[in-house]
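# pasting the structure only:
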């Protein structure tokens, strides 16, 4: 009886955070929903992939209105990641749930470290982004989308730090990433539909809350958050999620 209101408020808050980072909500919602005992492959992954696409669209609209999206990178990334994500979903049938969770923990720790390490030159000016940076981001998008589809979280949590590594500021990476993760999330979601098992009322209500939360989070980043602060927030969130999931796996 009280589960739906709890999930609605929780996913609103998580979506606000993911909207700030230019991500769909799946990367943070997957381990949190795991605390409620939902099945990973047939409930959590399809549910969060749908939320991922919806929250990414919501955040992208806010970033687009602020003029922060590098469309020359975002559109190729959408195409590459949309093709790769279902491949990862297909590979999932050959892996155990425990292996998937440990891979998730390892990736979270790696990304947190990368976000905290000093970076080379980054830019807050879209006009200063080079074609070389765009090519490197596109080359990384293929394997990233396959791995993300395998994990069931959408490619955003991997693409965002990748964009910062090739020269984007955290704010511009978040904005561009919000576009890049939309269609891949939906393509991976469709791949799960044949085996998905969840309550559609819960999915619809939490989706509405998540969309609103992501839009507000993206607006907050566009107007008030510095790139350095955004990188630190992202890294702290990743470490917290990794520790939480590792504790559960070891207990």
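Yep, that arrived. Note that this is a predicted model, so its numbers are computed, not measured. Numbers count the residues shown, from 1 in each chain.
# please make it C-alpha for all contacts and neighbour counts, starting now.
Fine.
# now the nearest residue to residue 66 once chain neighbours are set aside: how far from residue 101?
For residue 66, ignoring the flanking residues on the chain, the nearest one in space by C-alpha to C-alpha, 6 or more residues apart in numbering is residue 222 at 6.5 Å. To residue 101, residue 222 is 32 Å away according to C-alpha to C-alpha, to the nearest Å.
# element containing the residue nearest to residue 66, please.
helix 200-224 (DSSP states H and E).
# thinking again about what came up before, what about residue 222 and residue 101, which has more around it?
With neighbours defined as other C-alpha atoms under 10 Å, residue 222 and residue 101 compare such that residue 222 has more, 22 against 19.
# contacts only, for residue 59.
19, 20, 22, 23, 175, 178, 214, 215, 216, 217, 218, 219 (C-alpha atoms under 8 Å, 6 or more residues apart in numbering).
# roughly how far apart are residue 234 and residue 91?
28 Å.
# which residues of the chain score low on pLDDT?
The chain contains residues with pLDDT under 70 at 1, 118-124, 152-154.
# that one: helices as residue ranges?
Secondary structure of the chain, counting by DSSP state H: helices at 3-20, 26-34, 45-65, 71-92, 97-116, 131-151, 156-165, 170-180, 182-192, 200-224, 227-250.
# more neighbours, residue 234 and residue 91?
Each of residue 234 and residue 91 has its neighbours counted (other C-alpha under 10 Å); residue 234 has more, 22 against 14.
# so that one touches residue 21, yeah?
Yes. Under the criterion of C-alpha atoms under 8 Å, residue 234 makes contact with residue 21 at 6.9 Å.
# quick one, which of the helices of the chain gets closest to residue 125.
Ranking the helices of the chain by their distance to residue 125 (criterion: C-alpha to C-alpha) puts helix 170-180 first, at 8.3 Å.
# list the helices and strands that closest one packs on?
Using 3 or more C-alpha pairs under 8 Å, 6 or more residues apart in numbering; DSSP states H and E as the contact test, the elements touching helix 170-180 are helix 45-65, helix 71-92, helix 156-165, helix 227-250.
# ok, and what's touching it?
So helix 170-180 is contacted by 20-24, 56-57, 59-60, 63-64, 68-71, 73-75, 77-78, 81, 124, 126, 156, 159-161, 163-164, 221-222, 226-228, 230-231 (C-alpha under 8 Å, 6+ apart).
# swap in 6 Å and give it another go.
Residues from elsewhere that reach helix 170-180 (C-alpha atoms under 6 Å, 6 or more residues apart in numbering): 21-23, 56, 60, 63, 68-70, 74, 77-78, 160, 163-164, 227.
# so which of these is the most crowded?
Ranking the contacts of helix 170-180 using other C-alpha under 10 Å puts residue 23 first, with 39 neighbours.
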